[in-house]
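Novice: what follows is a protein structure lacking sequence information:
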């Protein structure tokens, strides 16, 4: 099994320590990690890299990152970036029309440099979309009441990386300890599963999640254990 990453390290959007831990775990599992490697061509027999190397492969899974739907590109004259995300102000209003709002993966929202010196864009992750949705509810209420809108501030609560049945690693952004706390193993996996179930509950409700969880416990010995997404 090989992992090809064009960036200098795997999981480039996450803290470097988390990337190093993940790469170390992959190496222990026998996975070959190729960083700073760009794919030039996918052939029937494997993957050809830009430097001329050929990695033999029977199955190729291509993960090209987050991209907004094509129909958003320059939609109604609104400003979009190269991945078709709508450029928004700190209030989540689009840059060219204050009556249009955007959240989640389709929004290009700046991460103020004043927030721990981050700068750049808010990462298109589940916790960002969840926070923006909650903020958007308050914005709509303020808009209907004729009151000034409030700027959105992204709060990074950390990241968890699941390697399936093998391990889970992550970092928790510690408001209590003034930094970040690395977690891994059973504790990190328990946290990952808990967060996953919380997302399911928010989407589907208790009854469906309870039935789905019971069904998975019954059939887990016969279903595939690798999620290709």
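Specialist: Arrived safely. Source: prediction; values computed, not measured.

Novice: all helices for the protein, in order.
Specialist: 16-28, 126-144, 185-204, 206-219 (DSSP state H).

Novice: can I get those in TSV including mean pLDDT?
Specialist: Formatted as TSV, the helices of the chain follow (pLDDT from 0 to 100):
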stretch	mean pLDDT
helix 16-28	85
helix 126-144	92
helix 185-204	77
helix 206-219	86
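
Novice: I'd like those as CSV, with mean neighbour count and distance to residue 60 appended.
Specialist: In short, each C-beta sits where N, CA and C put it, glycine included. Formatted as CSV, the helices of the chain follow (neighbours: other CB atoms under 10 Å; distance: least, CB to CB, whole Å):
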stretch, mean neighbour count, distance to residue 60
helix 16-28, 16, 17
helix 126-144, 15, 26
helix 185-204, 13, 27
helix 206-219, 11, 28
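
Novice: how about those in JSON lines, adding distance to residue 154?
Specialist: Shown next, in JSON lines, are the helices of the chain (distance: least, CB to CB, whole Å):
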{"stretch": "helix 16-28", "distance to residue 154": "18"}
{"stretch": "helix 126-144", "distance to residue 154": "6"}
{"stretch": "helix 185-204", "distance to residue 154": "17"}
{"stretch": "helix 206-219", "distance to residue 154": "27"}
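
Novice: can you list the weak-confidence ranges in the protein?
Specialist: Where the chain drops to pLDDT under 70, the residues are 113-119, 164-185, 187-188, 220-229.

Novice: domains in it, by residue range?
Specialist: 2-56, 70-144, 158-219 (automatic domain parsing).

Novice: now do the end-to-end distance for the first one.
Specialist: Meaning domain 2-56. 10 Å (CA to CA, to the nearest Å).

Novice: circling back to that earlier point, is it possible to get TSV of the domains of the chain that adds distance to residue 62?
Specialist: Output for those, formatted as TSV (distance: least, CB to CB, whole Å):
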stretch	distance to residue 62
domain 2-56	7
domain 70-144	16
domain 158-219	19
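
Novice: between those, which one is closest to residue 63.
Specialist: domain 2-56 (9.8 Å; CB to CB).

Novice: out of the helices of the chain, nearest to residue 50?
Specialist: helix 16-28 (20.8 Å).

Novice: run the chain-centre distance for the closest one.
Specialist: 18 Å (CA atoms, centre = their mean, to the nearest Å).

Novice: for the closest residue to residue 90 other than its chain neighbours, grab phi and psi.
Specialist: Spatially, and ignoring its direct neighbours in sequence, residue 90 is nearest to residue 151 (3.6 Å; CB to CB, 6 or more residues apart in numbering). Taking degrees, to the nearest 10, you get phi -70, psi 150 for the backbone angles of residue 151.

Novice: measure residue 151 to residue 144 for me?
Specialist: Distance, residue 151 to residue 144, by CB to CB, to the nearest Å: 19 Å.

Novice: can you check residue 60 too?
Specialist: Residue 60 is 50 Å from residue 144, by CB to CB.

Novice: quick check: residue 144 vs residue 101, distance?
Specialist: Residue 144 sits at a distance of 13 Å from residue 101 (criterion: CB to CB).

Novice: what do you get for residue 45?
Specialist: Going from residue 45 to residue 101 by CB to CB gives 48 Å.

Novice: how far does stretch 29-46 sit from the chain's center?
Specialist: The answer for stretch 29-46 is 22 Å, by CA atoms, centre = their mean.

Novice: which residues touch the most centrally placed residue in the chain?
Specialist: Compute the mean C-alpha point of the chain, and by CA atoms, centre = their mean the closest residue is residue 125, 3.5 Å away. Residues near residue 125 by CB atoms under 8 Å, 6 or more residues apart in numbering: residue 159.
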